[in-house]
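K.L.:
Return a 3D structure for these sequence lines:
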Amino acid sequence: MQYLVCVTLALAAAGAAVAGASPGPLAPPATAPGSTPPAVVPESPPAEYLVQAGDVLTVTVWKEQDLTGDVLVRPDGGLSFPLVGDLVARGKTVEELRKEITERLVRYVPSPVVTVAVKQVGGNHIYVVGKVQRPGEYPIVRSVDVMQALSLAGGATPYAALNSIVILHRENGRQQAFHFRYSEVARGRDLSQNILLQSGDTVVVP
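P.N.:
Reported below is the predicted structural model:
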């Protein structure tokens with residue numbers, strides 16, 4: 001009987017020691033022999049919004065009520081503002097426009113504090129056409145890639161040829177076509193196909 005009590009006490013002491021020990025670092029998950037770990041694709045920083053013809057900007061100059069108001073970017077890509085005159089806005093970021101307006105106002109307003117914001121997007125649009133649930137024109141205020149554009153359009157219909165998608169892009173008067181294979185991108189392969197769309201691009205889902 002005395003022997004059993006001693007054994008029981010010894011086991012209890014050993015259990016307490018194990019429970020009080022701090023756990024060691026977790027081992028990384030085992031990788032099956034011959035398998036390749038999934039590739040990690042670094043995220044690209046979001047592209048800044050580029051002003052386009054048809055956008056409405058709000059320009060504010062601190063303590064200058066007469067130099068505050070909404071400005072429409074004309075079809076030629078330019079805008080006009082008091083004391084600033086005409087300047088090219090299309091293809092520039094809001095920060096670039098703010099700096100340019102500030103530089104021009106310095107001659108008339110000492111140390112001007114200028115704020116430029118996009119009030120209404122009228123020029124930045126992409127198009128998704130073909131066998132999608134909601135084909136049409138979509139305004140964009142941030143960077144949108146092909147997969148996101150398909151999501152905006154509600155996804156493809158059951159009979160869409162997802163591996164034959166084409167992105168049409170026009171630059172300097174010339175049109176280019178980029179091919180997109182949905183099944184590869186959905187499996188994390190050849191992610192370079194999932195390009196960021198630019199204003200005026202058209203995603204065609206046959």
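
K.L.:
Please report phi then psi for the most centrally placed residue in the chain.
P.N.:
With distances taken as Cα atoms, centre = their mean, the residue of the chain nearest its centroid is residue 143 (3.8 Å). Here is the backbone geometry of residue 143 (degrees, to the nearest 10): phi -70, psi 130.

K.L.:
Return the distance of it relative to residue 124.
P.N.:
11 Å (Cβ to Cβ, to the nearest Å). Placement of C-beta: from N, CA and C, glycine included.

K.L.:
Pretty sure the residue nearest to the centre of the chain sits against residue 196.
P.N.:
Yes - with contact defined as Cβ atoms under 8 Å, residue 143 reaches residue 196; the gap is 5.0 Å.

K.L.:
Can you tell me, leaving aside adjacent residues, what's nearest to residue 66?
P.N.:
residue 82 (6.9 Å; Cβ to Cβ, 6 or more residues apart in numbering).

K.L.:
Number of residues surrounding that neighbour?
P.N.:
15 (other Cβ atoms under 10 Å).

K.L.:
what's the answer for the one 10 residues further on, then?
P.N.:
By other Cβ under 10 Å, 19 other residues sit near residue 92.

K.L.:
And residue 206, how close does it get to residue 191?
P.N.:
Taking Cβ to Cβ, one finds residue 206 at 22 Å from residue 191.

K.L.:
Which strand residues bridge residue 138?
P.N.:
residue 126 (DSSP bridges).
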